[in-house]
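In: Provided below for reference: sequence and predicted model.
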Amino acid sequence: MEDMKSSDETTPSVTRRNFIKGVIAAGAVASSSAYLFRAAILQGQPGAAGAVERLITLSVNGQDRRIDVMPQDTLAWTLRYKLGLTGSKLGCDRAECGACTVLIDNVPHYSCSVLAQTLRGKKIVTIEGLADAASGTLHPVQQGVVDEQGFQCAFCMPGFVMATVGYLKTNPNPTRQELAHGISGNLCRCQDYDKILTALMRGAEYARRG
Amino acid sequence: MANKLVGTNYSTPDLIAKVTGKARFAEDWRVDGMLFCKILSSPMPHARVTRLDTSAALAMPGVKAILTADDMPGPAAGASLGENVRASAQTERGLTNEPLYEGEPILAVAAVDEFTATEAIEKIVIEFEPLPFVVDPLESLRPSGPNARTQGNVWQRPAPAPAAAAGRGPANPAAAPPPGPQIVVWKWTEDDFDKAEPGQMPLGKFTDTFQFGDVEAGLKKADLVLDETFMTQSSSHQPLETRTAMAYWQNGKLYLHGSTQSTVQTVNSVARWVGIPPSQVVIISEFTGGGFGSKIPGSIFMAIPALLSKKANAPVMMRITREEEHFIGRARPGILARVKAGFRKDGRITAIDMYAICDNGPYDAVGDANTAGVTISLAFQPETMRHSVLTVLTNTPPKGAQRAPGGAQGIGIMEPIITKAAKQLGLDQVDVRKINAAAGKAPFGAPAANGRQAYVTSAFVKEALDKGRELFKWDEKKAMYSGKRQGTKARGIGVAVSNFSAGSIGFDGLFIIKPDGRITFQSGIGNAGMYAVFDVHRVAAEMLDVPWEQCDVVFGNTAKHLPWTCASGGSQTVHAMTRAAHAAAKDAITKLQEIAAKSLGGAPGSYKIAGGRVSGAGGSLTLAQAAKKAIELGGKYDGHELPADINNFTKASATALAGQGLMAVAKDAYPRDGQSRSTVVGFALVEVDTETGHVTVVDYTAIGDVGTVLNPRGLKGQIFGGSMMGMGHALTQRWAYDQQYGKALARRFHHNRPITILDIPQVYEADAVDIADPETPTGVRGVGEPPVGAGYAAVMNAIADAVGHDIFRRSPVTADIILTSLENGGHWVHDSIRAHV
């Protein structure tokens, strides 16, 4: 809370001097403030809400990733701009389209609507983490998409695939209608839904076969 | 042929990248030192910037540059803005000091991050002088109605108005283009408005009219004459990927990572928008997240990061938000129409007298109103027709080509009238479509100066209707459901016939047989989800009898030496580019035969290409050996000499690739008699809940008359996607405006909701008549656009069958419309002529 207060104070007019004063005043955790201080000098610019910037560790696709996240950074932003994982797409940035869907502790979430700061200790899986890292073998759902030529432009594809992988964990043997309901939080504007369902049902079948 | 590729399913080579998240769309590129930009856009529908002070913003640490309208080049008059739309001297420039719609970009700030750029925008001092505005075209036509622009309110072609072209390229390419339209002040009289009955579209003077036959005589001899008013809505394209772009400069060249439907054709557009020669533009667009007509040659807003990058001397990423996309991302123009149509007892249409007002938005004239008439004239082959149009400017976001621009609206307007007539005449709906169906070299559109109409290359609509009738089980469903209610559920069936342009000609094919025997196809087609970027090359692979696994496709980057390629709009690509692929494959076959004859003796014509070899009397060579030989021979064989008739763009690419193997390069110079147009017929079964007004599409069947089927799965997906876009028009999608303040009320997906996975028909069938088009060597025509009108109108017709023809006078047919009409004894009560309510 100390941090948040300080953030409010420093936001309106941020100069480097104010920023540094803010950091000191906030009495931020030594290690992260040092990191921030250094980063600000290196980049020649302060982060606006600087004092609550934190170096945190996120578990992404089975790896611990240490990153500097701002309090307003969403998971989608963090994945795309801080971890180089651009597979999760921003289609609306406000929980309408589902293109940014990832798994958090096996549950599909819109990563545009989750703050990265809240995810310490959670396991995040993105589209980049689905295939077997060593062999490159695709996840069964991915293989279903490839075999059935699911999706057209595929901007929505990562979100649909992640939503399906998550849904299948709760219902491994869905009907076409059940699967449609399970992934109805995702939009495809090519509206290739018929082929998408065929492909994802094929993927579900592959997953059951193991 | 051992390697049958045309008409067989396969998985496109980009799928692994797509499904593993490695595919890079415009926002997925990163460059060292990349800045971010944010846009300041107009809060008002029409205003003039009277004061602008950016000093406080520029003084902020991390702010690198600000771009205003004064930094933009003049209007790129003549540039293509997509199907049927050409830029005029009044065109948009990307940024403006006189915003003409809410959300129009005024300036852009580049900073080290978006947070800083956003803060900088807050520090900009800007003042506006509000100007008169209008969001409803009809209001603008009133004697004292406001004009959307200071110059006027209507687009008019300078007199004498030539008969409007059918939409695609002119029959004679050498003919000078018609003079561009101009903005004029155009008002109707109070009397014009007073003469219309409540809910009926008034009729004043129109700017353009085409006519064939004696319409008055046609109406006079009719057994039934209907006079109907109908309004189609404006609706945004909403591609899932917004028009985000990233730009940087290297050695004086602009490298632009953007979202476009057409890789090669975007070079010239960007060059004009940025104000530099095309030779200095490199477009990188490997993956595009949908366009639907809104990104045919990219987007004018690509100029913003391009010019900001130059000004800031650093790469600039411009992320476009969903809400910004609503305003700048283009939309289909709504059309208010009135149609008087005459029918014979047997359902044959004797006359159509149609009047259409197009809600154009503030910028260049879209051709939708005219195309609506052209499309109707082909779909229903009326004996006589008069089509009068008015393209009215409004202070709403700019309109553009949206998947079957004008065609979908035309079918949406006319189809319910035909359904009503068939009902009144006691005829079967499919029979009425058949008696009016286009066949063979069917005429359509405005007559040319010699009085003759254009005609299509071929039409097999009756065959499509027969096939659909059977597949959909029309007669069975008619007996079972038509007009019958079970409790609160009313079921109904509908059929609709929809066509659109489906092919252009004259582009180039280019590929290389490499010394390792692999074939590299150079593809200048955009990769926006239609698969054409890969599909068309399978024609050439099949002609050379080469397995697809032995082929590579180079695409998505104009620095990679691509051939002159059509724009991906107007469903022209698979037609145009299979022809080009065919021409290039023929060139390869000739060269292989000549190389074999030179190496092994005998006449070139005695050699055949099959099974990876060129074989004849003197023995055989593998393709790899022939490729090596081509490099030895040089000249035309490896691309050091090029055909004279290919485009200069192709020449430059081929020259850069010369010496790498056997080069196949040729222009599509095949003849074509007629205009290529495809038809899709749609059949829908809907269930209307008379208590909630909810409409469920239960079954949907669509049949394409689209020539030879190139990629069956792709075809089925295109027909489905297009049909769903049409169903969105029938059921859910619309704009709404605050009429008092000109502010958009529908700005995001959930305000203007597209069809979701829960709305789709429970049963979907699609097929094609699969009859080759006789006027193209591959038999293939396009399919992307005609399904939209079919899905749109078939669903509306089915609703009419379920609950009555008098229920709706506008689309979308919402639950509210259905319920209030049903409560009113089945007679419409909603506003039928006001736009965006």
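Out: Yep, that arrived. A quick note: this is a predicted structure, and the numbers were derived from the prediction, not measured.

In: which residues of the stretch 1-150 of chain B lie near chain A?
Out: B:9-12, B:15-16, B:18-25, B:27-28, B:30, B:61-62, B:112, B:115-116, B:119 (C-beta under 8 Å from any C-beta of the partner chain). Placement of C-beta: from N, CA and C, glycine included.

In: just the buried subset of the residues you listed, please.
Out: B:10-12, B:15-16, B:18-21, B:23-25, B:27-28, B:62, B:112, B:115-116, B:119 (16 or more other C-beta atoms under 10 Å in any protein chain shown).

In: next up, identify which helix or strand the residue of chain B found nearest chain A is on.
Out: Residue nearest to chain A within chain B: B:Gly21 (2.0 Å; C-beta to the nearest C-beta). Assigned by DSSP states H and E, B:Gly21 belongs to no helix or strand.

In: check whether it really touches A:Gly87, as I assumed.
Out: Yes. At 2.0 Å, B:Gly21 counts as touching A:Gly87 under the criterion of C-beta atoms under 8 Å.

In: contacts only, for B:Thr118.
Out: B:Lys38 (C-beta atoms under 8 Å, 6 or more residues apart in numbering or on different chains).

In: from B:Ala108, how far out is it?
Out: Per C-beta to C-beta, to the nearest Å, B:Thr118 is found 12 Å from B:Ala108.

In: same check on B:Thr690?
Out: Counting by C-beta to C-beta, the gap from B:Thr690 to B:Ala108 is 51 Å.

In: which one of those two has more residues nearby?
Out: B:Ala108 (27 against 16; other C-beta atoms under 10 Å in any protein chain shown).

In: and the more buried one, which of the three is it?
Out: strand (DSSP: H, G, I helix; E, B strand; the rest coil).

In: quick one: contacts for it?
Out: B:Ala108 touches B:Cys37, B:Lys38, B:Ile39, B:Leu40, B:Ile66, B:Leu67, B:Leu95, B:Ile304, B:Leu308, B:Met318, counting by C-beta under 8 Å, 6+ apart.

In: so what's the closest residue to chain B within chain A up against?
Out: Here the residue of chain A nearest chain B is A:Gly87; by C-beta to the nearest C-beta that distance is 2.0 Å. By C-beta under 8 Å, 6+ apart, the residues touching A:Gly87 are A:Thr126, A:Ile127, A:Glu128, A:Pro158, B:Thr20, B:Gly21, B:Lys22.

In: please put the alpha-carbon coordinates of stretch B:487-505 into PDB.
Out: The C-alpha atoms that make up stretch B:487-505 are tabulated as PDB, following Å, rounded to 0.1, in the frame of the first residue of the first chain:
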ATOM      1  CA  GLY B 487     -46.300 -23.400 -29.200                       C
ATOM      2  CA  THR B 488     -44.100 -20.400 -29.100                       C
ATOM      3  CA  LYS B 489     -41.700 -21.600 -31.700                       C
ATOM      4  CA  ALA B 490     -42.300 -20.700 -35.400                       C
ATOM      5  CA  ARG B 491     -40.100 -22.300 -38.000                       C
ATOM      6  CA  GLY B 492     -39.600 -21.000 -41.500                       C
ATOM      7  CA  ILE B 493     -37.400 -21.700 -44.500                       C
ATOM      8  CA  GLY B 494     -35.700 -19.300 -46.900                       C
ATOM      9  CA  VAL B 495     -33.600 -19.400 -50.100                       C
ATOM     10  CA  ALA B 496     -31.500 -16.700 -51.600                       C
ATOM     11  CA  VAL B 497     -29.400 -16.200 -54.700                       C
ATOM     12  CA  SER B 498     -26.300 -14.000 -54.500                       C
ATOM     13  CA  ASN B 499     -23.500 -13.200 -56.900                       C
ATOM     14  CA  PHE B 500     -20.400 -11.100 -57.000                       C
ATOM     15  CA  SER B 501     -17.300 -10.500 -59.100                       C
ATOM     16  CA  ALA B 502     -15.000 -13.400 -59.100                       C
ATOM     17  CA  GLY B 503     -11.900 -12.800 -61.200                       C
ATOM     18  CA  SER B 504      -9.500 -10.400 -63.000                       C
ATOM     19  CA  ILE B 505      -6.800 -11.100 -65.600                       C
END
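
In: was I right about B:Pro786 contacting B:Ala404?
Out: Yes. Contact criterion C-beta under 8 Å: B:Pro786 and B:Ala404 qualify, at 6.5 Å.

In: okay, and the common contacts of those two?
Out: In contact with both B:Pro786 and B:Ala404: B:Ser498, B:Phe500, B:Gly722, using C-beta under 8 Å, 6+ apart.

In: save these as TSV, and put in neighbour count too.
Out: Shown next, in TSV, are the shared contacts of B:Pro786 and B:Ala404 (neighbours: other C-beta atoms under 10 Å in any protein chain shown):
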residue	neighbour count
B:Ser498	33
B:Phe500	34
B:Gly722	32
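
In: so which of those residues are in strands?
Out: Counting by DSSP state E, these place B:Ser498, B:Phe500 in strands.

In: neighbouring contacts of the strand or helix carrying B:Ile39?
Out: Using DSSP H and E, B:Ile39 sits within strand B:35-41. Around strand B:35-41, the neighbours that count as contacts under C-beta under 8 Å, 6+ apart are B:64, B:99, B:102-114, B:117-118, B:120-121, B:124, B:126, B:304-305, B:308-309, B:312, B:314-319, B:324, B:327.

In: filter those residues to the buried ones?
Out: For the contacts of strand B:35-41, buried by 16+ other C-beta under 10 Å: B:64, B:99, B:102-114, B:117, B:120-121, B:124, B:126, B:304-305, B:308-309, B:312, B:314-319, B:324, B:327.

In: what segments of chain A are strands?
Out: Going by DSSP E, chain A shows strands at A:54-60, A:63-69, A:101-104, A:107-110, A:123-125.

In: out of these, which is the most enclosed?
Out: Among the strands of chain A, strand A:101-104 has the highest mean neighbour count (mean count of other C-beta atoms under 10 Å in any protein chain shown), at a mean of 25.

In: does it reach chain B?
Out: No. Strand A:101-104 is not in contact with chain B by C-beta under 8 Å from any C-beta; minimum separation 10.4 Å.

In: coming back round to it: export the strands of chain A as TSV, with columns for mean pLDDT.
Out: Formatted as TSV, the strands of chain A follow (pLDDT from 0 to 100):
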stretch	mean pLDDT
strand A:54-60	93
strand A:63-69	95
strand A:101-104	98
strand A:107-110	98
strand A:123-125	98
